[in-house]
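Visitor: build the 3D model from these lines:
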Amino acid sequence: MAKQVRVMRMSVEQPLWRALTGYRVLTMLYAVGLFATEYDEFDRPGIAIAYYVVLCVWTLATLPRVQNAAACTKRFLAVDLSIAITGIVLTPLVVNDHHIDSGGPTLPSIWTAGSVLAFAIKGGWRWAALASTAVAAANLFERGHPARDTVHNVILVWVASIAIGYVVEVARASERTLARALEIEAATRERERLARDIHDSVLQVLAMVQRRGAVMGGEAAELGRMAGEQEVALRTLVSGGLTSVSRVSRDAAQGAVVHVVDDEPDDESVDGSLDLRALLAPYASAKVSLVEPGAPVPLPPPAARELAAAVGAALDNVHRHAGEHARAWILVEDEPDEVIVTVRDDGPGIPEGRLAQAEGEGRLGVALSIRGRLRELGGSAELISPPGQGTEVELKVPKVSRGKAGQR
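Guide: Purely as a prediction, here's the structure:
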């Protein structure tokens, strides 16, 4: 049966858009009311009436444009700001000198702030700074000189719009973080449920087949070995393979989008990094134990792949030189500045001087496949192999790669 996907949308922007819609209507009525009460101060009321007709028709006709960020396009914002600036510039042509000298309002009055706030909600503080600068220039042109009240109003619009734009950007980042946290929580619950179900059925059967096959011997022993390998692989899948990457909406108008269940997990996260655990999981088997952190181990994709390839080369050396019955262990440590992966086996170890002899004979597996890969990443590879005590390879990779692989 197909999984149900429950989608939750979260957006702190929607209340801001609704508030902006109401603000534009109220300030339109306020601007018209000011004109009616100060009609005597207008030398050319006909021009003012024509402007207010355009302002009212535009405001009411474009109410759907300020419902969300998707509808509020760049073209709409440009025209909206142009109407506001046009009203400011027309003010000296329609009012008398007393109106200007006394600091009277411009034709659009505080309706202009709604246009600037639309820039802030749509594009953040940078857009807000651009729009408020254009309005400031228009106000200074209308007044003719930087009067105190004009400068005060300009700075007020500047600060308010930039602050709102910054708050919107912070809110969007918070939404993405919350969406990721909710999805991880949901995926973890699903993983725990599957782990319980599988542990009570499939894993117990595989473990029983492995034990009985080892006792019976012959072909049953081979079947038991295969069952043991599948048990390890299934445990690895259950423990780390079900946490999916959060899908964040590309459209800011939709807010953060949380997919509670996702059938198509992706190893690459939103910030472009790879979880090293996903690349090392296929190496786990009945003879190779993987010990990893419970949280993701993010690395740049080139670094993660090269490190996983180096681990694979180390395991190849174990299978080739330590014998068929040798066991290996992979330990992953996520440190603040680097990732450390240790590959250890219980084989006979490497005789002293054997590595130097192999390099001299042209067999450069360890030198190139392991040390060469780590060197390009800005990391290191240390090999410890006391005779008769197994071999341990310690691979260290900085989280910010400095080598060629990190620059691709």
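Visitor: for this structure, give me the ranges with low pLDDT.
Guide: Along the chain, the parts satisfying pLDDT under 70 run over 1-12, 145-150, 192, 194-201, 203-204, 233-271, 351-369, 401-408.
Visitor: would you map the helices across it?
Guide: Taking DSSP state H, the helices of the chain run over residues 13-37, 45-61, 74-94, 97-101, 111-123, 125-143, 148-200, 202-216, 219-240, 276-280, 301-321, 354-360, 373-376.
Visitor: between the ones you listed, which one is closest to G347.
Guide: helix 301-321 (6.6 Å; Cβ to Cβ). Bear in mind the C-beta positions are built from the backbone N, C-alpha and C, glycine included.
Visitor: elements contacting that closest one?
Guide: strand 274-275, helix 276-280, strand 328-334, strand 338-345, helix 373-376, strand 392-398 (3 or more Cβ pairs under 8 Å, 6 or more residues apart in numbering; DSSP states H and E).
Visitor: can I get the ones you listed in TSV including mean neighbour count and distance to A31?
Guide: Conversion of the helices and strands packed on helix 301-321 to TSV gives the following (neighbours: other Cβ atoms under 10 Å; distance: least, Cβ to Cβ, whole Å):
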stretch	mean neighbour count	distance to A31
strand 274-275	22	56
helix 276-280	22	59
strand 328-334	18	60
strand 338-345	20	61
helix 373-376	20	66
strand 392-398	21	60
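Visitor: select, out of those, the one closest to I155.
Guide: Per Cβ to Cβ, nearest to I155 of the helices and strands packed on helix 301-321: strand 392-398, 46.6 Å.
Visitor: list the contacts of E41.
Guide: 95-96, 98-99, 104 (Cβ atoms under 8 Å, 6 or more residues apart in numbering).
Visitor: should've said L55
Guide: 28, 31, 83, 87, 107-108, 111.
Visitor: one more time with 10 Å
Guide: Listed by Cβ atoms under 10 Å, 6 or more residues apart in numbering, the contact partners of L55 are 27-28, 31-32, 83-84, 86-87, 107-108, 111.
Visitor: for these, which one is nearest G124?
Guide: Of those, the one sitting nearest to G124 (Cβ to Cβ) turns out to be A84, at 19.7 Å.
Visitor: what's the local residue count around the closest one?
Guide: A84 has 25 neighbouring residues, counting by other Cβ atoms under 10 Å.
Visitor: now W17
Guide: The local packing of W17 (other Cβ under 10 Å) involves 19 other residues.
Visitor: ok, now D346?
Guide: Based on other Cβ under 10 Å, the number of other residues close to D346 is 16.
Visitor: wait, isn't it in contact with A328?
Guide: Yes. Using Cβ atoms under 10 Å, D346 is in contact with A328, at 7.9 Å.
Visitor: give me the common contacts of these two.
Guide: 318, 322, 390-391.
Visitor: tell me the contacts of the closest residue to F76 other than its chain neighbours?
Guide: Among residues not flanking F76 along the chain, R65 sits closest, at 4.9 Å (Cβ to Cβ, 6 or more residues apart in numbering). If a contact means Cβ under 10 Å, 6+ apart, then R65 has 21, 24, 58, 71-73, 75-77, 79-80, 118 as its contacts.
Visitor: quick one: R65 from W111, how far?
Guide: 15 Å (Cβ to Cβ, to the nearest Å).
Visitor: if we can go back for a sec, so which of the contacts of E41 wins on neighbours?
Guide: Of all these, the most densely surrounded is V95 (22 neighbours; neighbours counted as other Cβ under 10 Å).
Visitor: what pairs with it across the strands?
Guide: F42 (DSSP bridges).
Visitor: please tell me how far it sits from G33.
Guide: Distance from V95 to G33, by Cβ to Cβ: 16 Å.
Visitor: buried ones in stretch 285-304, by neighbour count?
Guide: The neighbour-count check on stretch 285-304 (16 or more other Cβ atoms under 10 Å) flags 285-288, 290, 292, 296-304 as buried.
Visitor: just flag the most distant two among these.
Guide: For the buried residues of stretch 285-304, the maximum inter-member distance is 32.0 Å, found between A286 and P300 (Cβ to Cβ).
Visitor: if we can go back for a sec, can you put the helices of the chain in TSV and add distance to E333?
Guide: Compiled in TSV, the helices of the chain are given as follows (distance: least, Cβ to Cβ, whole Å):
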stretch	distance to E333
helix 13-37	41
helix 45-61	61
helix 74-94	49
helix 97-101	72
helix 111-123	43
helix 125-143	41
helix 148-200	22
helix 202-216	27
helix 219-240	16
helix 276-280	11
helix 301-321	12
helix 354-360	25
helix 373-376	15
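Visitor: give me whichever of the ones you listed is most buried.
Guide: Highest mean neighbour count of the helices of the chain: helix 111-123, a mean of 25 (counted as mean count of other Cβ atoms under 10 Å).
Visitor: I85 contacts A134, doesn't it?
Guide: Yes. If you go by Cβ under 10 Å, I85 and A134 touch, sitting 6.3 Å apart.
Visitor: now for the two: what residues contact both?
Guide: Common neighbours of I85 and A134 (Cβ under 10 Å, 6+ apart) are S115.
Visitor: for L299, what are its contacts?
Guide: So L299 contacts 273-276, 279, 305-308, 334, 338-339, 377, 397-401, 406 (Cβ under 10 Å, 6+ apart).
Visitor: oh, I was asking about L130
Guide: L130 neighbours (Cβ under 10 Å, 6+ apart): 81, 116, 119, 123, 161.
Visitor: measure it to A71 for me?
Guide: Taken as Cβ to Cβ, the span from L130 to A71 is 20 Å.
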